[in-house]
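S.K.: Sequence first, predicted coordinates after that:
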Amino acid sequence: MFAKSFRVKSNTVIKGSDRRKLKADITAAFPTLSADELSELIPNKEELNVVKIYAHKGDAVTLYVLHKNPLFFEVEKRLYPTVYLLWRYPDLLPTFRTWSPVLQKLIGGADLMLPGVVVPPGGLPDVKKGACCAVTVVNNRAPVAVGTAAVSSEEMYSLGMKGRGVSTMDALLLQCFLHALKSKVKKSELPLLTSTFLRNHMFSCCPSGKQIDLKKSSYKKLSKFLQTMQQQYSLVRVKELSKGVESIVEVDWKNPELRSFSPPEEKDVEASPVQDGGRGDVPYHPPEITTLYSVSARLEPLFLDANKRKGATMHPAEVRSIITEYVKKNELVAENNKNYVTINPTLCDCLLEKSEYQEVESLKWDDLFTRTLGRMQECYQVVYPGQAPVIKKGHIEPIDISVASRGSNKKVTLVKNLEAYGVDPAAVAATLQHRVQASSVLQPVPGSRDRVSVQIQGNQIHQVGSLLLGMELIPFQKINIIIVVSGLINSVGFGFFFPLFFWNFRSLSNSSQVHPRTGQSSEKRQEEVVDRHPAVPAVFCQ
């Protein structure tokens, strides 16, 4: 009510008769106040001001001010204590607790919804519908809001403490975040990729029957949520260790918010596999895709000391570590120049061409690593939340989005390779058809038995990009954007696409791959809310 500017109508000193009437009204409204406390609040000899104001919506409000501190305010002939008064007497009103992120919603004028209410072990306070009550945040007794109960305590329980609202997902995110830091993350794991932290730790801390969905939160993106945790709560420190990839590099284990958090009791529930994007009740979460390298037969002698046989897969960093250890163990670092490695018979057989046998005696470190990776079999690992990793040979194909001509002046948009990222093409086709009001069909991909492409009428580059990039479904590096019109090929650049998706990626120049000659290149609510229970507020905040 007071978040926005208001207009003062009058400011006068209270009369003696009005002072006595005010005391009587306070005693009737708040019987728990003792006579001494009432005399301290409304002293007989000190000046007490009555300030009449108009709120930004035109509501007439009367304030009772002592020593420039507002004590009570009256709206529609009903008396309410101010937050300042409740700081002195925190037990004056029945109190409902909520999570810290919900406070920002209350400040913005939102009501406290039932899912945002934290139920203490002793249960909710006993209140009737319309009763005056206060709101506090977890781990802080000081009230932050005053309002009236929208429903009674009995009705809150009968409704299952369920409802809708952004504050619900914000509170769930914070709970899972604190739970993951307190119970899952170890100091030895740092630095930890933010995507790995979300999939492997936060998802596993989500209570049974609920599902984390960043799209339903006020943050919309994981990076923005972690930025808030860093700047407002100082719980973690996030750093971009490589271009476009953020990692949690530090956790403040002594943070009061983290130390006072008590993880809920965990139950042994078998993790259900995440369903494909757009299907079922579980929101789509993109897989974690990691580039790996497999030991080839030619390079096997180089990795024997590390007990890596033919077919063993490793991260590039592990390959570098093994090669470095091999060089140091065999004392192959050139004595006159530490930047070079002397070639021994094993390195010669593994890394050099036959024409180089008599010519090359040493290699730079970078050349050594490049040759090693170049002679290994490239593969990739795909990990979906709740599922075992899957390793496949080769490199994962990016999603192709192309615009082509059909007939004289008709254009269609084609989307391919959705299956590689666990996205259901049928769901994408249905979503695009509803969003742009254009026909869409699924067509088999030539040469493939189980893959289809989505074809939608018109140039829908922006809409497809919004669907795949706008909600962080697919990383921008995994998308090719191609326009094929009347035999001409254009890769989408800054001027065409960048203004619309500025917040999603830095440059499309890295993701547009066009051959110079050929030119080829569900939402379900996160809680099981029964339809008969609409969005129910717990407290109408004043």
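M.R.: That came in fine, so what should we check first? Keep in mind that what you see is a predicted model, and the values were worked out from it rather than measured. Residues are numbered from 1 along each chain as shown.

S.K.: Give me the contacts around stretch 305-316.
M.R.: 290-297, 300, 303, 322, 325-326, 329, 373, 379, 381, 391 (CB atoms under 8 Å, 6 or more residues apart in numbering). Quick note: C-beta positions are derived from backbone N, CA and C, even for glycine.

S.K.: For PyMOL, write the selection for the buried entries among those.
M.R.: Selection of buried members from the contacts of stretch 305-316 for PyMOL, criterion 16 or more other CB atoms under 10 Å:
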select buried, resi 290+292+293+294+295+303+322+326+373+379+381
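
S.K.: What distance do you get for Ala297 to Cys132?
M.R.: Here Ala297 is placed at a distance of 79 Å from Cys132 (CB to CB, to the nearest Å).

S.K.: Ignore what I typed, I meant Gly447.
M.R.: According to CB to CB, Gly447 and Cys132 sit 71 Å apart.

S.K.: which one of the two has more residues nearby?
M.R.: Taking other CB atoms under 10 Å, Gly447 and Cys132 do not tie; Cys132 has more neighbours (20 against 6).

S.K.: OK, contacts around the spatially closest residue to Trp87 that is not a sequence neighbour?
M.R.: Sequence neighbours aside, Ala142 is the residue nearest to Trp87 in space, at 5.4 Å (criterion: CB to CB, 6 or more residues apart in numbering). Contacts for Ala142 (CB under 8 Å, 6+ apart) come out as Leu86, Trp87, Pro90, Thr136.

S.K.: tell me which element the second one is part of?
M.R.: If you go by DSSP states H and E, Trp87 is part of helix 83-88.

S.K.: Buried ones in that helix, by neighbour count?
M.R.: Quick answer for helix 83-88 (16+ other CB under 10 Å): Val83, Leu85, Leu86.

S.K.: what's the closest of those to Gly422?
M.R.: Among these, Val83 lies closest to Gly422 (CB to CB), at 48.0 Å.

S.K.: And the closest residue to the closest one other than its chain neighbours, what's its pLDDT?
M.R.: Take Val83 and drop its neighbours on the chain: the residue closest to it by CB to CB, 6+ apart is Pro143, 5.6 Å away. If you check Pro143, the pLDDT there is 89.

S.K.: Would you list the phi and psi of Pro143?
M.R.: Dihedral pair for Pro143: phi -60, psi 150, per degrees, to the nearest 10.

S.K.: how about it, what does it touch?
M.R.: The neighbourhood of Pro143, defined by CB under 8 Å, 6+ apart, consists of Val83, Leu86, Trp87, Pro90, Leu93, Thr95, Ala134, Val135, Thr136.

S.K.: Output the lowest mean pLDDT helix or strand found in the chain.
M.R.: When the helices and strands of the chain are scored by mean pLDDT, DSSP states H and E, helix 494-497 comes last with a mean of 29.

S.K.: could you measure Thr12 against Lys68, distance?
M.R.: 15 Å.

S.K.: more crowded one of these two?
M.R.: More crowded of Thr12 and Lys68, by other CB under 10 Å: Thr12, with 10 against 6.

S.K.: ok so, going back, could the contacts of Pro143 go into TSV alongside distance to Pro398 and pLDDT?
M.R.: Shown next, in TSV, are the contacts of Pro143 (distance: CB to CB, whole Å; pLDDT from 0 to 100):
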residue	distance to Pro398	pLDDT
Val83	53	89
Leu86	57	89
Trp87	57	90
Pro90	57	87
Leu93	58	89
Thr95	53	88
Ala134	54	89
Val135	48	89
Thr136	49	88
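
S.K.: Put together JSON lines for these, with distance to Leu192 on each row.
M.R.: Rendered in JSON lines, the data for the contacts of Pro143 read as follows (distance: CB to CB, whole Å):
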{"residue": "Val83", "distance to Leu192": "39"}
{"residue": "Leu86", "distance to Leu192": "41"}
{"residue": "Trp87", "distance to Leu192": "39"}
{"residue": "Pro90", "distance to Leu192": "39"}
{"residue": "Leu93", "distance to Leu192": "43"}
{"residue": "Thr95", "distance to Leu192": "37"}
{"residue": "Ala134", "distance to Leu192": "39"}
{"residue": "Val135", "distance to Leu192": "34"}
{"residue": "Thr136", "distance to Leu192": "33"}
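
S.K.: Low-confidence stretches in the stretch 51-200 of the chain?
M.R.: Applying pLDDT under 70 to the stretch 51-200 of the chain flags the ranges 57, 121, 157-168.

S.K.: Just the strands from the stretch 251-400 of the chain, written as ranges.
M.R.: 288-294, 313-314, 340-342, 362-364, 377-383, 390-393, 399-406 (DSSP state E, counting those that start in this stretch).

S.K.: Let's have those strands in CSV, adding mean pLDDT and distance to Ser188.
M.R.: Below are the strands of the stretch 251-400 of the chain laid out as CSV (pLDDT from 0 to 100; distance: least, CB to CB, whole Å):
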stretch, mean pLDDT, distance to Ser188
strand 288-294, 87, 20
strand 313-314, 90, 20
strand 340-342, 91, 31
strand 362-364, 90, 33
strand 377-383, 86, 20
strand 390-393, 84, 25
strand 399-406, 84, 36
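
S.K.: right, and the ones you listed - which one's nearest Ser247?
M.R.: Taking the strands of the stretch 251-400 of the chain one by one with CB to CB, strand 288-294 is closest: 13.4 Å.

S.K.: Check the offset of the closest one from the chain's centre.
M.R.: 24 Å (CA atoms, centre = their mean, to the nearest Å).

S.K.: Other residues contacting that strand?
M.R.: So strand 288-294 is contacted by 195-196, 199, 311-316, 319, 373, 376-383, 391, 393, 395-396, 478 (CB under 8 Å, 6+ apart).

S.K.: Next, work out how far apart Thr136 and Val151 are.
M.R.: Noted for Thr136: a distance of 19 Å to Val151, by CB to CB.

S.K.: now do Ser195
M.R.: From Ser195 across to Val151, the span is 40 Å (CB to CB).

S.K.: picking that back up, with distance to Asp25 added, can I get the strands of the stretch 251-400 of the chain in TSV?
M.R.: TSV is the format used below for the strands of the stretch 251-400 of the chain (distance: least, CB to CB, whole Å):
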stretch	distance to Asp25
strand 288-294	62
strand 313-314	76
strand 340-342	88
strand 362-364	86
strand 377-383	64
strand 390-393	70
strand 399-406	67
